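Engineer: turn this into a model:
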Amino acid sequence: MLGLYAAGILPLTQTQTTTPPPACTTCVTTQAAGAYSLAAATTGYDHFSASTTYTAATNFNVLWDAQVNGAYQQIGSNTQTIAIQPTYGGSLYTVVSVPSGQSYYVDPSKTQTANSPLVTGWHYISVSGNGINNYVFTLGGLPGSTNPISPLDFYPYFIASATQTLNSPSAIVSVGTTSTTQFLQWQSTVPSGTANVGSMIKEIQVTVNSTNAAVFQLNSVNDPATWSNQGAISSGLVQGTGFTPQQGSSNYVYTYNIGSSVTDPSTGQFVMYGTSSLDNFPYTVSATYDFGAASVTTNCLSVQIQIYVLSPSGALSTLTNTVDVSSGATC
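Structural biologist: Presented below is the predicted three-dimensional model:
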């Protein structure tokens with residue numbers, strides 16, 4: 001029988017023991033050594049009036065990002081407590097966007113100025129690499145770890161979008177056949193009459209239905225923009241030499257580009273209509289006409305202006321009008 005037990009034919013009773021697991025060497029604790037938390041909060045403000053505020057997660061969104069191994073990493077959004085790690089190097093980034101259905105331009109210049117010295121700069125880039133750009137503000141000199149949690153307040157500024165309409169000047173007649181300078185007095189207005197709004201212009205084109213540069217010479221076009229994403233600018237004349245001429249099969253097109261791309265809002269200029277300001281934005285076109293210079297008799301020219309407007313959503317539209325200028329009483 002002893003041999004049977006030894007051979008294992010009959011089961012032997014054993015005591016079960018539990019071995020503790022090895023210590024975790026790769027686990028990440030809730031807050032690493034040297035890390036701290038900030039109470040991040042954001043409220044939006046209007047470019048014209050500090051008494052007009054905008055609500056995060058409704059009128060706009062702010063994402064709190066850090067750079068980790070050279071890539072942007074979201075660590076929070078809008079108003080919440082965020083953990084700051086030593087690897088962030090004391091800098092954060094806020095990505096500001098406007099949701100669909102909200103008609104507000106981001107005002108990066110005023111945002112940087114109003115949040116100085118916290119905001120040290122801004123870019124218009126894609127943080128996710130998907131080709132969709134947003135305004136990204138660099139935050140430096142973050143508040144340190146204190147008890148209670150230090151506040152991190154960020155206040156982006158916005159410009160409410162406005163629709164413009166363009167007038168229709170009367171035809172200019174009887175200018176004769178010798179060289180003469182004439183002014184086509186185009187102007188835009190805000191039809192709603194609502195002040196404290198802006199409209200972004202990206203390009204101005206003047207087109208004339210002639211391929212003879214001697215008959216029509218563009219002298220200047222008034223640019224009524226009073227603000228840009230780089231800060232305040234002065235409205236005034238854009239000389240004809242600032243336009244790029246292109247001869248077509250039956251016309252000349254003169255183009256003045258604002259920024260490198262017509263769909264890039266970061267280089268746009270704003271036509272701004274503020275409280276107690278004049279709702280009248282002139283795009284006066286000055287040109288020299290010489291109907292006698294045509295090798296083939298020309299009695300009438302059609303001059304068209306086209307102003308490209310970029311909405312906050314990225315939609316491009318145009319303000320367009322055409323006026324006739326004739327040597328005689330009629331075209």
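Engineer: tell me what Gln187 is bridged to.
Structural biologist: Judged by DSSP bridges, the bridge partners of Gln187 are Pro282.
Engineer: quick one: pLDDT of it?
Structural biologist: Gln187 carries a pLDDT value of 97.
Engineer: for it, what are its contacts?
Structural biologist: Neighbouring residues of Gln187 by Cβ atoms under 8 Å, 6 or more residues apart in numbering: Leu166, Asn167, Asn280, Phe281, Pro282, Tyr283, Thr284. For glycine as for every other residue, the C-beta is placed from the backbone atoms N, C-alpha and C.
Engineer: of these, buried ones?
Structural biologist: Leu166, Phe281, Pro282, Tyr283, Thr284 (16 or more other Cβ atoms under 10 Å).
Engineer: so which of the contacts of Gln187 comes closest to Val215?
Structural biologist: For the contacts of Gln187, the minimum distance to Val215 (Cβ to Cβ) is 20.3 Å, reached by Thr284.
Engineer: what's the closest non-adjacent residue to that closest one?
Structural biologist: Asn222 (4.5 Å; Cβ to Cβ, 6 or more residues apart in numbering).
Engineer: correct me if wrong: the one you found contacts Ile305.
Structural biologist: No - with contact defined as Cβ atoms under 8 Å, Asn222 does not reach Ile305; the gap is 10.7 Å.
Engineer: which residues does the closest residue to Asp107 other than its chain neighbours contact?
Structural biologist: Computed as Cβ to Cβ, 6+ apart, the closest residue to Asp107 that is not its neighbour in sequence is Tyr157, at 4.2 Å. Counting by Cβ under 8 Å, 6+ apart, Tyr157 makes contact with Gly44, Tyr45, Asp46, His47, Val106, Asp107, Lys110, Thr111, Ala114.
Engineer: now do 6 Å
Structural biologist: Counting by Cβ atoms under 6 Å, 6 or more residues apart in numbering, Tyr157 touches Tyr45, His47, Asp107, Lys110, Thr111.
Engineer: next step: these restricted to helices.
Structural biologist: Here DSSP state H is the test, and those give Lys110, Thr111 as lying in helices.
Engineer: among the contacts of Tyr157, which one lies nearest to Ala195?
Structural biologist: Set against Ala195, the nearest of those by Cβ to Cβ is His47 (11.9 Å).
Engineer: what's the neighbour count on that closest one?
Structural biologist: A total of 23 residues lie near His47 under the criterion other Cβ atoms under 10 Å.
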